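Curious how this folds, go ahead:
(one chain, ligands or ions: 1)
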Amino acid sequence: MPEKVDMFCYQCSQTAFETGCTVKGVCGKEATVARLQDNLLFSMKGISAYLYHARELGYTDPEVDAFIEKGFYSTLTNVNFDAGEFVKLATESGMMNIKAMQLLKKLTSKLTENLHQ
Ligand code: SF4
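Numbers count the residues shown, from 1 in each chain. All right, here's what the predicted structure looks like:
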């Protein structure tokens with residue numbers, strides 16, 4: 001049975017033993033924040049996949065774009081270790097995901113409409 005790891009982060013060059021911080025971050029990051037940051041990054045990857053397809057076909061949403069910038073800044077710069085803020089960002093991420101899906105739905109409707117003309 002694999003050993004349970006409460007924390008794992010290998011986000012930066014300061015990482016413990018050059019492999020990953022597994023107890024607490026060398027930078028002071030706690031396990032909960034590391035998990036919430038991972039959650040946000042996975043969520044933003046999904047949103048980015050929708051946005052990529054929409055953008056290729058000429059559709060964008062400035063609000064979703066701004067959220068992606070904020071999300072990356074909040075995680076990659078390690079300037080904020082407030083777990084509450086990451087919970088708020090997770091909620092916002094859910095809303096932005098819906099907006100990105102709506103963008104693709106609008107796009108799909110338009111493409112379908114063009115096929116029938
Ligand atoms: S961001 Fe902090 S917890 Fe993550 S690898 Fe760097 S020092 Fe470790």
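
And the residue in the chain that the ligand sits nearest to, how close does it get to Q11?
Relative to the ligand, the nearest point of the chain is G25 (2.5 Å; C-beta to the nearest ligand atom). Quick note: C-beta positions are derived from backbone N, CA and C, even for glycine. Using C-beta to C-beta, to the nearest Å, G25 is found at 9 Å from Q11.

who's more crowded, the two?
More neighbours surround G25 than the other of G25 and Q11, with 22 against 18 (other C-beta atoms under 10 Å).

Nearest residue to that one in space, please, no chain neighbours.
Using C-beta to C-beta, 6 or more residues apart in numbering and skipping the chain neighbours, the partner closest in space to G25 is C9 (5.9 Å).

Name all residues that make contact with that neighbour.
By C-beta atoms under 8 Å, 6 or more residues apart in numbering, the contact set of C9 is T15, G20, C21, G25, K29, A34, Q37.

Now it. Its backbone dihedrals?
phi -150, psi 130 (degrees, to the nearest 10).

separation between it and V87?
Applying C-beta to C-beta to C9 and V87 gives a distance of 18 Å.
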